[in-house]
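>>> curious how this folds, go ahead:
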Amino acid sequence: MPFFDGARGRMHYRRWPVDNGVASVLLLPGTGQHSGHYHRFARALRAADIETWALDTSGQGLSEGDHGNPGTLAELVADARMLFDLVHAASPRTPVILMGHSLGAVTVLALFGAAEPETAGASADSAALRAYPLRPALSADAVAGLVLSGTPKRALGGGASGAAGTPLPRGLPILAVHGVEDRRAPIDAVRVWTQRHESVDLREYADSGHDLLHEPVHARVAADIADWTQGVVVGLARRP
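Numbering: from 1, shown residues only. Presented below is the predicted three-dimensional model:
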């Protein structure tokens, strides 16, 4: 089983390889989830010639750490960057799509120094949202695009209409997938945030909640992500 040495212990990850894949998706799960929950999603991407990698967050799955404390956002970013380096080293010429669900989506944004939590109120994962501001751990040209699933409003400037919003890398393709009935991360905030960023493609799923890839709509969500990823790769190939 594959591991790497993180700052807080051994970190486990899974890889679903594809021969001559068109892209690699690096998935960061949400709180209480791990890479073993994403075999079905990886099979769907494999059918589209897309390779999948997924991290076990600290304390989850087979990774060492405190199950109840995933760590600060700076620590989560450091772990994600280490796995990104492994993905890039394995296939240097293959475009990489960074994908995060819930806390993983916050981590993806923070990799670019682009997460804005709410300043007031405590909520789940609050310990992981300390240590702001963060310096970018990746540059926009290091990845082909981002996929954000169930992004909490605390990472989007609180979703207030007058907020500055999360500063995103200019021109970087971003797909946001969100359940209309998401009670953990209500969709209103991501709707407001999306309107402020022309590079974000928001896909809404009716009668669906927070964990889209484990709900009845999972096949459509996976297909949308695969189609969008292939479109991004085609766009890269057409660049002069």
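>>> listing partners with orientation, what would you give for the helix or strand residue 51 falls within?
Using DSSP states H and E, residue 51 falls within strand 50-55. The strands beside strand 50-55 in its sheet (DSSP bridges) come out as strand 9-16 (antiparallel), strand 23-28 (parallel).
>>> tell me which of the ones you listed is the most buried.
Ranked by mean neighbour count under mean count of other CB atoms under 10 Å, the strands paired with strand 50-55 are led by strand 23-28, which reaches a mean of 27. To be clear about C-beta, it is placed using only N, CA and C from the backbone, and glycine gets the same treatment.
>>> what about this protein, any weak spots by pLDDT?
Residue ranges of the chain with pLDDT under 70: 115-134, 157-167, 236-240.
>>> one step back: let's have the strands paired with strand 50-55 in a markdown table, adding distance to residue 106.
Output for the strands paired with strand 50-55, formatted as a markdown table (distance: least, CB to CB, whole Å):
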| stretch | distance to residue 106 |
| --- | --- |
| strand 9-16 | 18 |
| strand 23-28 | 9 |
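>>> on that earlier part again, name the residues of the helix or strand just after the strand holding residue 51 that are buried.
Next along the chain after strand 50-55, taking DSSP H and E as the criterion, comes helix 73-90. For helix 73-90, a neighbour-count test (16 or more other CB atoms under 10 Å) marks 73-80, 82-84, 87-88 as buried.
>>> for the strand holding residue 51, give me every contacting residue.
Around strand 50-55, the neighbours that count as contacts under CB atoms under 8 Å, 6 or more residues apart in numbering are 11-18, 21-29, 34-35, 38, 41-42, 45-46, 63, 79-80, 83, 86-87, 91, 94, 226, 229-230.
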